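Have a look; sequence and predicted model below, questions after that.
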Amino acid sequence: MDEFKFIQSITPKYYRHPNVIKGIGDDAAIIRHQQVDTIMAMDTMVESVHFSKKTTKPYHIGYRALAANISDIAAMGGKATAYLVSIVIPKRWREGQIHEIYQGMNDLAQSFNMDMIGGDTVTGEQLTISITVIGTVQQGKARYRSHAKPDDIVFVTGTLGDSACGLHVLLHCSETEFDQYQHVINRHQMPMPRIPFIQACHKINRMALNDISDGIANEANEIAEASNLLLELDYEKFPIHPSLRNFSEQQQVNWSLSGGEDFELVGTIPAHDWAILEEAAKKSNTDVTKIGVVKDRKNKNGTAWIYHGNEYKQLDKSGYTHLKG
Ligand SMILES: Nc1ncnc2c1ncn2[C@@H]1O[C@H](COP(=O)(O)OP(=O)(O)O)[C@@H](O)[C@H]1O
Ligand SMILES: Cc1ncc(C[n+]2csc(CCOP(=O)(O)OP(=O)(O)O)c2C)c(N)n1
Ligand SMILES: [Mg+2]
Ligand SMILES: [Mg+2]
Ligand SMILES: [Mg+2]
């Protein structure tokens, strides 16, 4: 059983509270209140799976654990307001290092005007940090993966594959090369959730949205599945940072499609809203790139396909999957 099948197997058939309007199955859950809808999401980071001594200082562990959580709020079209932190601390970790983890979270929280409102602390074998993030969105304005429609433009923010490239440099290159690759190292250690961009998109009525944690190959398929449509991507249009050009073509392809952890947004909008999206991108100092289109093709709906070189092929969910194999 892989990660996704496991989730399917534990998804409840119904929710006991009628105000849960989105439970398991999207970037975050939603409970409806009177004024705004509440968004809730949780992500966990584990030593040697999501970070290691070689790749991430304690400060960055906190920073990216919170960033990954805020990114899921952005992917629902919301604003992040508060978070709770559960942490498992091995005996070998020093108190100062734990404070650095919290400093990393604090600094990011400050820039998004968020409050830490609780958590839990236990000792255990492997440093593990689990964050629950809470956000809000205007009623009925959340951006679901299921919101794509035929002829929509598929767009992505920022550049793809930077985090995986940064991880590769940290794990396999000598420290003398780190200066040259500081951009991708930063992108791995301090990803920037796209909340300002998504807030600036408020004039766009309909948008399907997902954030890139596992790799766009996974997330494009998730939009295709949820919307029951075909997402058709063009590899030539993918925004790739110049730092990646120093590596092999194969590495560039793997990182940009399946590397994950860029915490960029992939979405779809009606073609007539493109100018508004560009305006929002400019206002929030974010790059956006058209990378494909949405189609309604009976025999291909629910899948993503890609033009790559002379080929047109189905895009497998080749991104990062836990519990696989
Ligand atoms: N162990 C679990 N128990 C309950 N719900 C889960 C569990 N793991 C994942 N989910 C839910 O499954 C959905 C997909 O999760 P995930 O693939 O981790 O999304 P993302 O990549 O956006 O973090 C979400 O609604 C999430 O809350
Ligand atoms: C030391 C180390 N090895 C490998 C990775 C790469 N990696 C670990 S988890 C992951 C996928 C994203 O994490 P996940 O828990 O699936 O986040 P979610 O999809 O729930 O947001 C990737 C690409 C890393 N960040 N650090
Ligand atoms: Mg997500
Ligand atoms: Mg998750
Ligand atoms: Mg994942």
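Arrived safely, thanks for sending. Numbers count the residues shown, from 1 in each chain. Ligands and ions are numbered 1, 2, ... in the order given.

For the closest residue to ligand 3 within the stretch 151-300 of the chain, give me the pLDDT.
Using C-beta to the ion, the single residue of the stretch 151-300 of the chain nearest to ligand 3 is D211, 4.3 Å away. (C-beta placed from N, C-alpha, C; glycine too.) The per-residue pLDDT reported for D211 equals 98.

surely it meets E264?
Yes: counting by C-beta atoms under 8 Å, D211 does reach E264; the two are 7.1 Å apart.

quick one, which of those two is more surrounded?
E264 (30 against 27; other C-beta atoms under 10 Å).

Which residues are in contact with that one?
For E264, the contact set (C-beta atoms under 8 Å, 6 or more residues apart in numbering) comprises 156-160, 194, 211-212.

Quick check: phi and psi on it?
The phi/psi pair for E264 (degrees, to the nearest 10) reads phi -90, psi 170.

List the contacts of the nearest residue to G267 once chain neighbours are set aside.
Leaving aside its sequence neighbours, G267 sits nearest to L209 (C-beta to C-beta, 6 or more residues apart in numbering; 4.3 Å). Contact analysis of L209 by C-beta under 8 Å, 6+ apart lists 27, 75-77, 143-145, 147, 198, 265-267.

now, which of these lie within strands?
If you go by DSSP state E, those have 265-267 in strands.

hmm, back to that, quick one: which of the contacts of L209 is nearest ligand 5?
The nearest one, if we look at the contacts of L209 relative to ligand 5 and count by C-beta to the ion, is D27, at 10.9 Å.

Skipping adjacent residues, who's closest to that closest one in space?
A75 (3.8 Å).

What about that neighbour? Give its phi and psi, please.
Dihedral angles (degrees, to the nearest 10) for A75: phi -70, psi -10.

Low-confidence ranges, this protein, go.
Within the chain, the stretches with pLDDT under 70 are 1, 6, 29.

Could I get the full set of helices for it?
For the chain, the helices defined by DSSP state H occupy 3-10, 58-74, 95-111, 162-172, 182-189, 195-200, 216-227, 249-254, 274-283.

Contacts for the third one next, please.
It stands for helix 95-111. 57-67, 70, 83, 85, 87, 89, 115-116, 129, 131.

Pull the contacting residues for D214.
Neighbouring residues of D214 by C-beta under 8 Å, 6+ apart: 258, 260, 319-321.

How far does stretch 44-62 sit from its chain's centre?
17 Å (C-alpha atoms, centre = their mean, to the nearest Å).

Return the residues of the chain in contact with ligand 1.
7, 10, 24-27, 29, 43, 72, 213 (C-beta under 6 Å from any ligand atom).

In CSV: those residues, plus neighbour count and distance to E225.
Output for those, formatted as CSV (neighbours: other C-beta atoms under 10 Å; distance: C-beta to C-beta, whole Å):
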residue, neighbour count, distance to E225
I7, 14, 13
I10, 7, 18
I24, 12, 14
G25, 14, 10
D26, 22, 11
D27, 26, 14
A29, 19, 18
D43, 20, 21
D72, 26, 18
S213, 22, 16
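
Those residues: which ones sit near ligand 3?
Restricting the residues of the chain next to ligand 1 to those within reach of ligand 3 (C-beta under 5 Å from the ion) leaves 27, 72.

tell me which residues form a beta bridge with the residue of the stretch 151-300 of the chain closest to ligand 3?
L265 (DSSP bridges).

measure it to E222 for me?
Using C-beta to C-beta, to the nearest Å, D211 is found at 10 Å from E222.

one step back: which of the contacts of E264 sit farthest apart?
Farthest-apart pair in those is T159 and D211; separation 14.6 Å (C-beta to C-beta).

Excluding covalently adjacent residues, which one is nearest to I134?
A82 (4.6 Å).

Just give the number of residues close to the one you found.
16.

Which strand residues bridge it?
D115, I134.

same deal with the one 4 residues further on?
Beta bridges link S86 to D120, S130, judged by DSSP bridges.

what about it, distance to ligand 5?
S86 sits at a distance of 18 Å from ligand 5 (criterion: C-beta to the ion, to the nearest Å).

Verify the stated contact: that residue with D120.
Yes: using C-beta under 8 Å, S86 makes contact with D120 at a distance of 4.3 Å.

Between those two, tell me which one has more neighbours.
S86 (16 against 10).

Next up, the contacts around that one.
So S86 contacts 119-122, 129-132 (C-beta under 8 Å, 6+ apart).

Fine by me, thanks again.
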